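> Here is a sequence together with a model predicted from it:
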Amino acid sequence: MGSMTATPARRVLLAAPRGYCAGVDRAVIAVEKALEQYGAPIYVRKEIVHNKYVVRTLEKKGAIFVDETEEVPEGSIVIFSAHGVAPVVHEEAAARRLASIDATCPLVTKVHKEAVRFAQEDYDILLIGHEGHEEVIGTSGEAPDHITLVDGPGDVADVRVRDESKVVWLSQTTLSVDETMETVDALKRRFPLLVSPPSDDICYATQNRQTAVKLIAAESDLVIVVGSKNSSNSVRLVEVALGAGAGASHLVDEAAEVDEAWLEGVATVGVTSGASVPEVLVEGVLDWLAERGFGDVEIVRSVEETLTFSLPKELRRDLRSEAAAALAGTPAPAASAPASAESSPR
């Protein structure tokens, strides 16, 4: 009787934490609460978070997504996305008499405040981030005369500053930790007196999801990252997985985008998701894998996340009255939103 080769057991390593972070949860709930309290339409400037499914779901509930403030009808309610906006956007909203809800992630707001403080102290600010990303545009707008964008180590040689003794670095919160520190190290070689921010700007959720994917990558023949292509932190997870030893890694918005050919010769599949991805999309990928023999799921946890953020303060006020009063040029009556708007995100 001829020898038989045992087929390796098929399994899934599911990274934890994954998916929604506190800032994303807060922003999405802010849109949902606004729709509940004030009714449709509620306008949202840019995508509230970078995820196609989330945007489509909120559109079905009555949210209207626009690219620029000028697209919002005067006197309407507008929500600013989790990525933050420059001060000029708030000015544009006021000029159009819009009642605004600022859903900027508090961790992004922290970077904005750091930019303002260092600019007031006349530092040159080297902002590590990707050109064109909404978060970078918002942060740069806080101190445009003081900020220089550094889009990776390759930009370092071209950086010019006024005084090498007064230079500080800040960063986009959704970058790869390793990539950011590589850029910081290169900057420090050029500017030995470079000042670091009071705390790391890379957000806790980005760090935790990258740490978690590193734990599963080395044992995975394939890592599937659930997330949209315009989600910086999701794209970074693919890069981190490959750098940590994954045989292959792919980014998908949902299960329908997984290619069955990817499973050829694969025994272990790692699964994770970006910080703007609802768990229902991960469950869809797990179900798809289970139908193809990957039903054994092991959760690999790197850390427990407990952080939550309270909802934007504007949801505690009657914005419809404020918007109508602004249009009419009369004072708005005092009113408060339902008590449910004051609770922390789930």
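All right, it came through fine. Residues are numbered from 1 along each chain as shown.

> C-alpha only now, for contacts and for neighbours.
Noted.

> Contacts made by whichever helix in the chain runs longest with the rest, please.
Criterion DSSP state H: the longest helix present in the chain is helix 22-38. For helix 22-38, contacts defined as CA atoms under 8 Å, 6 or more residues apart in numbering pick out 41-42, 48-49, 58, 61-63, 79, 81-82, 103-107, 275-276, 307-312, 315, 319-320, 337, 341, 345-346.

> same thing but 7 Å
Residues outside helix 22-38 that contact it (CA atoms under 7 Å, 6 or more residues apart in numbering): 42, 48-49, 81-82, 103, 105-106, 276, 307-309, 311, 320, 345.

> before we move on, what about stretch 124-140?
83-86, 112, 146-152, 161, 166-172.

> try it again with 6 Å
83-86, 112, 146-151, 167-172 (CA atoms under 6 Å, 6 or more residues apart in numbering).

> Check stretch 298-305 too.
Contacts with stretch 298-305, where a contact means CA under 6 Å, 6+ apart, come from 13-16, 212.

> same deal with stretch 150-157?
In contact with stretch 150-157 (CA under 6 Å, 6+ apart) are residues 127-130, 183.

> pLDDT score assigned to the closest residue to residue 9 other than its chain neighbours?
The shortest distance from residue 9 to any non-neighbouring residue, by CA to CA, 6 or more residues apart in numbering, is to residue 267 (6.3 Å). Residue 267 carries a pLDDT score of 98 in this model.

> can you map out the strands along the stretch 151-300 of the chain?
With DSSP state E, counting those that start in this stretch applied, the stretch 151-300 of the chain shows strands at 167-171, 222-226, 249-252, 268-273, 297-301, listed in chain order.

> Straight-line length of stretch 63-80, end to end?
Using CA to CA, to the nearest Å, the end-to-end distance of stretch 63-80 comes to 12 Å.

> from here on, count from 40
Sure thing, new numbering starts at 40, so read that last one as stretch 102-119.

> That stretch: which residues count as buried?
By neighbour count on 16 or more other CA atoms under 10 Å, the buried set for stretch 102-119 is 102-104, 108, 111, 113-119.

> Same question for stretch 191-204.
So for stretch 191-204, counting by 16+ other CA under 10 Å, buried means 191-192, 195, 200.

> from the contacts of helix 61-77, which is closest to residue 332?
residue 315 (28.1 Å; CA to CA).

> which residues does the closest residue to the closest one other than its chain neighbours contact?
Excluding its sequence neighbours, the residue lying closest to residue 315 (CA to CA, 6+ apart) is residue 59, at 5.1 Å. Counting by CA under 6 Å, 6+ apart, residue 59 makes contact with 314-316.

> From residue 155, how far out is residue 291?
On the measure of CA to CA, residue 291 and residue 155 end up 37 Å apart.

> Ok, residue 75 next?
Distance from residue 75 to residue 155, by CA to CA: 35 Å.
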